[in-house]
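In: sequence and computational prediction follow.
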Amino acid sequence: MRTYDFTPLYRSAIGFDRLAQLFDEAARTDAQPSYPPYNIELVGEDKYRITMAVAGFDRSELEIESERDQLKIVGRKQKDETKRTFLHRGIAARDFEHRFQLADHVKVVGAKLDNGLLNIELVREIPESLKPRKIEINGDNVQLLQREAA
């Protein structure tokens with residue numbers, strides 16, 4: 001695998017350090033856990049869904065936490081006191097922790113556990129102040145806008 005040095009970016013760009021950090025973290029975390037399997041789906045414009053196969057987990061054993069730009073999903077399986085003898089054990093019942101990096105203005109709006117699938121709904125909500133706006137071209141309004149900006 002190739003490694004990239006982002007040091008020149010840190011020296012010459014202001015405000016792009018978060019992007020470089022994301023690249024650094026992605027390069028370092030090649031061993032991303034594959035359990036439990038999951039899908040990331042684009043449902044609509046600015047709407048996303050993470051579907052995670054959590055067969056055997058109860059709602060009480062799952063925890064979803066969203067903090068700033070990170071989504072953390074944790075599964076802690078309760079210990080089964082029953083003594084069992086498996087001839088074949090193909091259903092994993094181990095703890096897990098998954099972290100997803102969220103882009104700016106992406107929020108978790110809901111989660112649902114259905115038939116062993118955990119569905120987490122996300123949406124990108126761009127604040128009104130950051131949305132593009134049309135500026136009407138009119139001699140009087142231009143003067144007014146310039147005076148307000150000064």
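Out: Received the coordinates, thanks. Predicted model, so just to flag it, every value in this text is computed and none were measured.

In: switch to C-alpha atoms for all contacts and neighbour counts from now on
Out: Fine.

In: please report phi then psi for Val106.
Out: phi -90, psi 130 (degrees, to the nearest 10).

In: how far away is it from Phe57?
Out: Taking Cα to Cα, to the nearest Å as the criterion, Val106 is separated from Phe57 by 27 Å.

In: ranges for the helices of the protein?
Out: For the chain, applying DSSP state H gives helices covering 7-12, 17-28, 139-149.

In: mean pLDDT lowest for which of these?
Out: Among the helices of the chain, helix 139-149 carries the lowest mean pLDDT, a mean of 51.

In: could you list the domains of the protein?
Out: Per automatic domain parsing, the structural domains of the chain span 1-31, 36-81+89-128.

In: could you tell me the least trusted of the ones you listed?
Out: domain 1-31 (a mean of 63).

In: pick the most buried one from the domains of the chain.
Out: Most buried of those, by mean neighbour count (mean count of other Cα atoms under 10 Å): domain 36-81+89-128, with a mean of 14.

In: is it true that Arg99 touches Ser66?
Out: No - look at Arg99 against Ser66 with Cα atoms under 8 Å: they stay out of range, at 9.7 Å.

In: now do the shared contacts for the two.
Out: Jointly contacting Arg99 and Ser66 under the rule Cα atoms under 8 Å, 6 or more residues apart in numbering are Lys72.

In: give me the distance between the two termini of stretch 85-96.
Out: Span of stretch 85-96 from end to end, Cα to Cα: 24 Å.

In: and the strands in this protein?
Out: 38-44, 47-53, 62-67, 70-75, 96-101, 106-114, 117-124 (DSSP state E).

In: ok, back up a step: out of the domains of the chain, which gets nearest to Lys134?
Out: With Cα to Cα as the measure, domain 36-81+89-128 is the member of those nearest Lys134 (12.7 Å).

In: what distance do you get for the residue lying closest to Val106 once chain neighbours are set aside to His105?
Out: Nearest non-adjacent residue to Val106, counting by Cα to Cα, 6 or more residues apart in numbering: Arg124, 4.1 Å away. In this view, Arg124 and His105 are 5 Å apart by Cα to Cα.
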